[in-house]
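[1] I need the structure of the sequence given here:
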Amino acid sequence: MSLKRRVLAVGHATSLFLVVSYLACVLWDLAFPQYAMFEAWRRLLPGFEWSWTGFVLGLADSYLYGWWFALVWVPLYTRFSAPEEAR
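    Alright, predicted model coming up:
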């Protein structure tokens, strides 16, 4: 599998995982406000607040964090997992 295909696969998978996790956390906070993670989200997701705009920004931030991970992780992993002779 080429590096580009690996980055695309990891980028989509990680981004969707973070989006689903974000949505699950929002639902959890709405159901159990006494256990809310609002303060943590304000630090981790720039622009997050309890509004539709803040919700969408948090969703976009979650998706972009997944791509950031893929763009950094996959090339590093590919480099360090290559056989010694190939380096």
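[2] How about the secondary structure of residue 47?
    Secondary structure assignment for residue 47 (DSSP: H, G, I helix; E, B strand; the rest coil): coil.
[3] quick thing: my sequence starts at 850, can you match it?
    New numbering, starting at 850: the last item is residue 896.
[4] any idea how far it lies from residue 884?
    Taking C-beta to C-beta, to the nearest Å as the criterion, residue 896 is separated from residue 884 by 23 Å. In this view, the C-beta of every residue, glycine as well, is placed from N, C-alpha and C.
[5] Tell me which helix or strand residue 862 sits in.
    Assigned by DSSP states H and E, residue 862 belongs to helix 852-880.
[6] for the next helix-or-strand element following that helix, what is the average pLDDT?
    Next along the chain after helix 852-880, taking DSSP H and E as the criterion, comes helix 887-893. In this model, helix 887-893 has a mean pLDDT of 80.
[7] Can you pull the poorly scored residue ranges out of the protein?
    Within the chain, the segments meeting pLDDT under 70 span 933-936.
[8] which residue is nearest the centroid of it?
    Among the residues of the chain, the one closest to the centroid is residue 915, at 3.3 Å (C-alpha atoms, centre = their mean).
[9] any idea how far the closest residue to it other than its chain neighbours lies from residue 885?
    Leaving aside its sequence neighbours, residue 915 sits nearest to residue 864 (C-beta to C-beta, 6 or more residues apart in numbering; 2.9 Å). Plainly put, residue 864 is 24 Å away from residue 885 if you go by C-beta to C-beta.
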